[in-house]
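Undergrad: just to be clear, the model below is a prediction. Sequence and coordinates:
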Amino acid sequence: MARSNYLAPVSCLVLLAPFLFLIEFCQGQTHDLRDDQILPTAIDAITANYAKLTTIRAKLYSVILDPKVDKAQIRTFPLEIGGVVNFTEAPRIATRVYFTAKGQDYRHERQGRAVSILQDGVFTQHNFKTNRTQTRPLSESGSMVELDPRTFGGRDQRYGLVELMNESQLISAEFQDGGIVTIETRAEAAAERGRSSATHRYTLDRERNWLPTRVIALHEDGLIATVTEFEYDEVLPNTWFIKQVTTNYAGRYEIREISPEVQWSQTHLVYTFGQPEFNVLISDSELTSLKPFAIEETESDR
């Protein structure tokens, strides 16, 4: 009898078999990836997400909060490649940014201050006040905060999110409910170059093309160096672009865990305002102009 009970619905099982296979296949793609598949899968998905945005025209706000500074002051720092750069320090510095991109090339303008242009792997910086222009290969441009919002979560403008993940090896991975994957990686090449924050912990969202919702850079001793958190807007079907990115810097503080009580050395906010444009016509001159854009502020931008 037991045998006949199992044989009776055999035709139904045959019909269901292809669907069960598909379910198992999909689960295998999302829940049961081998360790060596996780990073390539994430990198491919993130790259494909931004590849759909063939051109970008966006207005951003960059806000730096520094609780250590009581009043505005200018500090001068030497560059690795020679020369110096001046930084203004203040409790709060807000700057409007105009970002334009076509493929991997981009133009990043800090309104009224300077413009940075990446074209064919060559990085150009122009200061509006001094009228000074410097041009060099991106690899020799020195370390600066990431300028391209598509690369946030990396190390600097030379090693963006994907570049950093590409040179990393997986240490651990944890699949969670809601399509979230938390991974820890180590970039041995960065460690060999003397960078103390060669280990990173990524929280990735598979439902948003594996884009990070949080990236934590760790010191060699396990202390937190930086924490970057992301919010996104769906700007095209299943295609995402930043709404806000918040980076907290530990500085000299010894921070072991993230909590509302943590005192950060500095916080950097970048968020979009107005309505970004995607896959629109952008001229070559718009990407290479060394003159500041004269764009009127509207009520909706404020």
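TA: Arrived safely, thanks for sending. Numbering: from 1, shown residues only.
Undergrad: just the element for the closest residue to Gln104 other than its chain neighbours, please.
TA: Of all residues not flanking Gln104 in the chain, Leu118 sits nearest, at 7.4 Å (Cβ to Cβ, 6 or more residues apart in numbering). C-beta here means a position set from N, CA and C on the backbone, and glycine is covered the same way. Assigned by DSSP states H and E, Leu118 belongs to strand 114-119.
Undergrad: and for Tyr202?
TA: Residue-wise, Tyr202 maps onto strand 199-205 under DSSP H and E.
Undergrad: and for that strand, what's in contact with it?
TA: Strand 199-205 has contacts (Cβ atoms under 8 Å, 6 or more residues apart in numbering) with 42, 153, 164-165, 168, 171, 179-187, 210-218, 220.
Undergrad: how close does Gln119 sit to Ile74?
TA: Per Cβ to Cβ, to the nearest Å, Gln119 is found 30 Å from Ile74.
Undergrad: neighbour-wise, which of the two wins?
TA: Gln119 (17 against 9; other Cβ atoms under 10 Å).
Undergrad: contacts only, for that one.
TA: Asp105, Leu287, Thr288.
Undergrad: so the last one touches Arg107, yeah?
TA: This points to Thr288. Yes. Between Thr288 and Arg107 there is a contact under Cβ atoms under 8 Å: 7.1 Å.
Undergrad: intersection of neighbour lists for these two?
TA: In contact with both Thr288 and Arg107: Ile117, using Cβ under 8 Å, 6+ apart.
Undergrad: more crowded one of the two?
TA: Of the pair Thr288 and Arg107, Arg107 is the one with more neighbours under other Cβ under 10 Å, namely 24 against 14.
Undergrad: so what's that one bridging to?
TA: Thr100, Ile117 (DSSP bridges).
Undergrad: Thr239 too?
TA: Leu236.
Undergrad: still on that earlier bit, my read: the residue nearest to Gln104 touches Thr100, true?
TA: No. Contact between Leu118 and Thr100 fails when scored by Cβ under 8 Å: they sit 11.0 Å apart.
Undergrad: now Ile38, what's its secondary structure?
TA: helix (DSSP: H, G, I helix; E, B strand; the rest coil).
Undergrad: burial measure for it, as a count.
TA: 19.
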